[in-house]
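1. Provide a 3D model corresponding to the input given below.
(one chain, ligands or ions: 1)
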Amino acid sequence: MPTLTQLCGARNLTSLRNPLTCKTTSTVVRQGPAAEKGGAPAWLLFLCPEHVNTLPDWPGDPADVDDLSSMTCGAVLDFRSTDQVLQSHADLWLTPLTGVDPKMYITADKWADVLDQAHRALAEQPDRAEGESEPLNSLLMMLGIAAKNAAMGDLYQATVPLAFCETVAPRLL
Ligand SMILES: [Zn+2]
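-> Numbering: from 1, shown residues only. Model (predicted):
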């Protein structure tokens, strides 16, 4: 059975994501389809026994790993390209939450436009019910930072605040 380090290999981690908030230590890991046949998994999602069947938007096979004890449930190690990680954020929460679809943008600055428009759309949404304004405000702030990163040409940097937004987004969807 490989260790976690062996499964990650020599690849760079693009993004550390947390689509699910759970403090329990993980016991299983789900692996995303490899980019090339026979290659290493595109991402690794860690889950506890209670959440083993959650997150259907992260489909993948269970992986045999020796040493999971250091990862908490809901964490994702994402090794995909920056563009693929951005598209994944769009598919999973950004487009459902804001209505801004990257497929509608074909310019060279596509992601800068998408994030800027998404930020505007979210800011213009009507007042949220009690309990939703706090996550909305923190998401708005972080999405604004991501939009600024993208406008300055640093898409990789934009994935950092977007990972935070993803953790907050389920409270608004
Ligand atoms: Zn859990």
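
2. mean confidence (pLDDT) on whichever strand or helix holds residue 158, please.
-> For residue 158, the element it lies in under DSSP states H and E is helix 155-168. Mean pLDDT, computed over helix 155-168, is 98.

3. show residues contacting it.
-> 14-19, 21, 82-83, 85-86, 89, 92-94, 111, 115, 135, 138-139, 142-143, 145-147, 149-150 (Cβ atoms under 8 Å, 6 or more residues apart in numbering). Placement of C-beta: from N, CA and C, glycine included.

4. which of the residues you listed count as buried?
-> Members of the contacts of helix 155-168 that pass the buried threshold by neighbour count (16 or more other Cβ atoms under 10 Å) are listed as 14-15, 17-19, 82, 85-86, 89, 92-94, 111, 115, 135, 139, 142-143, 145-147, 149-150.

5. so of those, which ones are in helices?
-> If you go by DSSP state H, the buried ones among the contacts of helix 155-168 have 82, 85-86, 89, 111, 115, 135, 139, 142-143, 145-147, 149-150 in helices.

6. cross-check the residues you listed against the ion and keep the overlap.
-> Among those, no residue is within reach of the ion (Cβ under 5 Å from the ion).
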